[in-house]
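1. sharing a sequence plus its predicted fold:
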Amino acid sequence: MNIAIKEAYGTVFEAELMEELMEVATIYDFEEGDILIEIGEYIKKMPLLLSGAIKIMREDKDEGELLLYFIEKGDTCAFTLKCTLGEKQSEIRAVAETSGSLALIPVNKMEEWMGKYRSWRNFVLNSYNNRLSEMLVAVDNLAFMKMDERLLTHLQEKAKINKNTIINHTHQEIAYELNTSRVVISRLLKRFEKEGLIRLNRKNIELLDSNLLN
DNA sequence: ACATTAATTGTGT
DNA sequence: ACACAATTAATGT
């Protein structure tokens, strides 16, 4: 298990920090579809993602979710940082997009490291920066892109994260993530299929056009 | 193996 | 957006 931590963070953190990290971290494995953080929860440990991918969703009180961004190996969630430091309730939900594992760090340790290790400070700050720019992308998509474009980029993101051209999601699930209705997704997907971009099967979608990838 | 239900997807208004 | 048909998967008997 410590190998997993080294694999994901060995190049980012200095040696002493890695030592401490491996001492205090507990490993948590999760499966696809697991809810890691629910809205309103208090967070007492900070997660570092070792493998797999997690999607961060925002949810409105009366019906409606929206996918904000994905986090991948080597990332942490800036919202979690805020919640742990501020001892505030979570404003987002984190759902496992794929199975994977993460390391949990006690809050008091991460505060201690802030003063102690430069690499840790950088990591936390970078993390904020990355999230901020990904949020901007998400906002741009929402504001300026048509649904068909949003769906297409969404499919591409999913394919990239799964390292696979086959996407194992129902139309309904995708609709939730983009905060629209299933019928809209179905029709758009049908159109993409006619255009030869994808192939539709039951419970999964296959990307065909190679210029959709990467 | 069969019948019944539920879930998923397609289509028309 | 809504309603409904068609198809497939899941479950019980």
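-> Okay, I see it. Residues are numbered from 1 along each chain as shown, chains lettered A, B, ... in the order given.

2. pLDDT weak spots in chain A?
-> Across chain A, residues meeting the criterion (pLDDT under 70) sit at A:1, A:61-63, A:209-214.

3. and it, what are its domains?
-> Chain A breaks down into these domains under automatic domain parsing: A:2-143, A:145-212.

4. and the gap between A:L36 and DNA strand B?
-> 21 Å (C-beta to the nearest atom of the strand, to the nearest Å). From N, CA and C alone the C-beta is placed, and that goes for glycine too.

5. hang on, I meant A:R182
-> 5 Å.

6. isn't that residue right up against A:Q172?
-> Yes - using C-beta atoms under 8 Å, A:R182 is in contact with A:Q172, at 4.8 Å.

7. mind listing what's buried in stretch A:106-114?
-> Buried positions in stretch A:106-114, judged by neighbour count with 16 or more other C-beta atoms under 10 Å: A:K109, A:M110, A:W113.

8. so what touches it?
-> A:L17, A:E20, A:V24, A:K44, A:K45, A:M46, A:T84, A:L85, A:W120, A:R121, A:V124 (C-beta atoms under 8 Å, 6 or more residues apart in numbering).

9. helix or strand for the last one, which one?
-> When elements are assigned from DSSP states H and E, A:V124 belongs to helix A:118-144.

10. out of the buried residues of stretch A:106-114, who's nearest DNA strand C?
-> Among the buried residues of stretch A:106-114, A:M110 lies closest to DNA strand C (C-beta to the nearest atom of the strand), at 41.2 Å.

11. so that closest one, which of the three states?
-> Following DSSP: H, G, I helix; E, B strand; the rest coil, A:M110 is assigned to helix.

12. now do the contacts for A:L68.
-> A:L68 neighbours (C-beta under 8 Å, 6+ apart): A:I56, A:M57, A:R58, A:I92, A:E134, A:M135, A:A138.

13. pull out the CA atoms of the helix or strand harbouring the second one and give them to me as PDB.
-> Secondary-structure assignment from DSSP H and E places A:M57 in strand A:54-59. Extracted in PDB, the C-alpha atoms of strand A:54-59 (Å, rounded to 0.1, in the frame of the first residue of the first chain):
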ATOM      1  CA  ILE A  54     -13.700  10.800  -8.800                       C
ATOM      2  CA  LYS A  55     -16.300  13.200 -10.000                       C
ATOM      3  CA  ILE A  56     -17.300  16.200  -8.100                       C
ATOM      4  CA  MET A  57     -20.900  17.100  -8.300                       C
ATOM      5  CA  ARG A  58     -22.900  20.100  -7.200                       C
ATOM      6  CA  GLU A  59     -26.500  19.700  -6.400                       C
END
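
14. give me the sheet partners of that strand and which way each runs.
-> strand A:65-71 (antiparallel), strand A:93-96 (antiparallel) (DSSP bridges).

15. which residues of chain A lie near DNA strand C?
-> Taking C-beta under 7 Å from any atom of the strand as the contact definition, chain A meets DNA strand C at A:T180, A:S181, A:V183, A:V184, A:R202, A:K203.

16. pull the most distant pair out of the residues you listed.
-> Spatially, the most separated pair among the residues of chain A next to DNA strand C is A:T180 and A:R202, at 20.8 Å (C-beta to C-beta).
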